[in-house]
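1. Return atomic coordinates for the entry below.
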Amino acid sequence: MTTPSLPTDVTVYEVGPRDGLQNEPTVIATEVKLEFIRRLLAAGLPAVEATSFVHPDRVPQLADADDVAAGLTSELNAYRIPMLVPNERGLDRALAAEVKEVAVFLSATESFAQANLGTDLAGQRAMVQPVIARAKAAGLRVRGYVSMCWGDPWEGDVELGASIDIAAFLLEEGVDEVSLGDTIGVATTKQVRALLSSARTAGVPTTRTAVHFHDTYGQATANVLAALDEGITTVDASAGGLGGCPFAVSATGNLATEDLLWCLHRQGVRTGVDLDAVVDTTAWFAATTGVTPQSRAFTALVHKRGH
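-> From the prediction side, this is the model:
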C-alpha cells in the first residue's frame with residue numbers, strides 16, 4: 001500500500017452554520033448564528049457557508065436566512081460567505097441581500113431528487129439552470145453540490161456515471177466549483193478513488209472539485225486522504241462535526257472541522273486555519289446552545305487543556 005501524496009495547501013470550506021444546523025432539533029437564535037459565523041471567519045476559515053434561502057416549512061432551522069444575511073452585510077465584501085439557494089425564489093432573496101456567492105444542489109439519484117427537491121432527475125436540472133445563469137449574470141460565484149454520490153438510503157450504491165453526469169452538467173452550466181457529497185457517509189477509500197479518477201477521466205477537473213464527507217461509519221478522514229491523493233485540494237467540513245440532512249434519515253454528522261485540521265496540520269499540510277480558535281468556537285457554541293460536538297479531535301484537545 002502506497003503512502004498518499006498530500007498537497008502542500010488545502011482549502012477548508014466550512015459548512016457548519018448551514019449544513020451543520022439544518023438538522024438540529026431546536027432552532028438556534030439568529031444572533032448566536034451570526035456570532036458563530038464571525039468566530040469561524042476570525043479563526044481563518046476561508047469560506048463559511050452561512051445559511052440557505054429555503055422555504056421555512058422545509059427547513060425551519062434556517063427560517064431566519066434573510067436576517068442572517070442582513071446581519072452579515074459588513075462581512076460580505078471582506079470574506080467568502082456563500083449561501084445556498086434551492087430555486088429562483090431563493091436566488092431572488094440572495095440577490096436582495098447582496099450576497100456575493102451562492103450554492104445550488106442536485107442529487108445523483110432519483111429518490112433523493114424527489115425527497116429533497118420534489119422533482120425527478122430531469123426536473124432538477126430544469127430547476128437549477130436559470131438559477132445558475134442568473135447568478136452568473138449578476139456576477140456571483142456559484143458552487144454546485146452533488147448529493148448521494150456514493151450511496152442513497154433508498155437506492156443503495158450509486159453508479160459512478162450518475163454522479164459524474166450531474167457534476168459535468170453543473171460545470172457545463174457555469175458553476176465555479178462542484179462539491180461531491182457522500183451524504184449518508186457510506187463511501188470507502190476505494191470507492192472515493194474510483195469516482196474521482198473516473199470523474200477526472202471524464203473531464204471533471206480536480207481544480208474545480210471539492211469533496212463533502214459525512215462520518216457515519218467513521219471513514220470521513222480516511223476518505224479525505226484518498227481524495228487528496230487524487231488531486232483534490234478543497235474539503236468541506238463542519239465545526240464540531242455538526243450536521244445531517246432532514247431529508248435523508250441515515251445522514252449523520254459531517255466530517256468535523258477539528259478532525260480535518262488535526263489530520264492535515266500534523267502532516268504538514270497548510271490550511272491557514274487556527275485549530276485552537278476553531279476549538280474555542282465550538283466550545284463556545286456548545287456552551288451557548290447545548291449542542292454536543294461530535295468531533296473526536298475537539299474532545300481530545302479540550303481534555304488535554306484540562307490537564
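
2. contacts, neighbours, all on C-alpha from now
-> Noted.

3. Three-state assignment for Gln180, please.
-> Not Gln; residue 180 is Leu. strand (DSSP: H, G, I helix; E, B strand; the rest coil).

4. I figured it hits Trp150, correct?
-> No - assessed by Cα atoms under 8 Å, Leu180 is found out of contact with Trp150, at 9.0 Å.

5. all helices of the stretch 101-250 of the chain, in order?
-> Along the stretch 101-250 of the chain, counting by DSSP state H, counting those that start in this stretch, helices occupy 110-117, 121-137, 160-173, 189-201, 220-229.

6. Using PDB, write out every CA atom in the last one.
-> What follows is helix 220-229 as a C-alpha-only set of coordinates in PDB (Å, rounded to 0.1, in the frame of the first residue of the first chain):
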ATOM      1  CA  ALA A 220     -14.500  10.600   6.600                       C
ATOM      2  CA  THR A 221     -10.900  11.400   7.400                       C
ATOM      3  CA  ALA A 222      -9.600   8.300   5.500                       C
ATOM      4  CA  ASN A 223     -11.700   9.300   2.600                       C
ATOM      5  CA  VAL A 224     -10.300  12.800   2.600                       C
ATOM      6  CA  LEU A 225      -6.700  11.400   2.400                       C
ATOM      7  CA  ALA A 226      -7.800   9.300  -0.600                       C
ATOM      8  CA  ALA A 227      -9.300  12.300  -2.200                       C
ATOM      9  CA  LEU A 228      -6.200  14.500  -1.700                       C
ATOM     10  CA  ASP A 229      -4.100  11.700  -3.200                       C
END
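
7. buried stuff in it?
-> In terms of neighbour count (16 or more other Cα atoms under 10 Å), helix 220-229 has its buried residues at 220-221, 223-229.

8. now it, how far from the centre of its chain.
-> Centroid displacement of helix 220-229 relative to its chain, using Cα atoms, centre = their mean, to the nearest Å, is 15 Å.

9. which neighbours do Leu180 and Trp150 share?
-> Residues touching both Leu180 and Trp150 (Cα atoms under 8 Å, 6 or more residues apart in numbering): Ser163.

10. which residues does Glu14 contact?
-> With Cα under 8 Å, 6+ apart, Glu14 has these contacts: 45, 47-49, 236-239, 257.

11. picking up where we left off before, can you redo the buried residues of helix 220-229 as JSON lines with pLDDT and distance to Asp276?
-> Output for these, formatted as JSON lines (pLDDT from 0 to 100; distance: Cα to Cα, whole Å):
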{"residue": "Ala220", "pLDDT": "97", "distance to Asp276": "21"}
{"residue": "Thr221", "pLDDT": "97", "distance to Asp276": "19"}
{"residue": "Asn223", "pLDDT": "98", "distance to Asp276": "24"}
{"residue": "Val224", "pLDDT": "98", "distance to Asp276": "21"}
{"residue": "Leu225", "pLDDT": "97", "distance to Asp276": "22"}
{"residue": "Ala226", "pLDDT": "97", "distance to Asp276": "26"}
{"residue": "Ala227", "pLDDT": "98", "distance to Asp276": "25"}
{"residue": "Leu228", "pLDDT": "98", "distance to Asp276": "24"}
{"residue": "Asp229", "pLDDT": "97", "distance to Asp276": "26"}
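
12. any chance of those in a markdown table, with distance to Lys190 too?
-> Below are these laid out as a markdown table (distance: Cα to Cα, whole Å):
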| residue | distance to Lys190 |
| --- | --- |
| Ala220 | 13 |
| Thr221 | 13 |
| Asn223 | 9 |
| Val224 | 12 |
| Leu225 | 11 |
| Ala226 | 8 |
| Ala227 | 10 |
| Leu228 | 13 |
| Asp229 | 12 |
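
13. For Gly240, which non-adjacent residue is spatially closest?
-> Counting by Cα to Cα, 6 or more residues apart in numbering, the nearest residue to Gly240 once its immediate chain neighbours are dropped is Pro293, at 4.4 Å.

14. Assign that neighbour to helix, strand or coil.
-> At Pro293, secondary structure determined by three-state DSSP is coil.

15. where does it fall, phi/psi-wise?
-> phi -60, psi 150 (degrees, to the nearest 10).

16. distance of it from Asp66?
-> 27 Å (Cα to Cα, to the nearest Å).

17. about what we covered before: what's the most buried one of the helices of the stretch 101-250 of the chain?
-> Highest mean neighbour count among the helices of the stretch 101-250 of the chain (mean count of other Cα atoms under 10 Å): helix 220-229, with a mean of 22.
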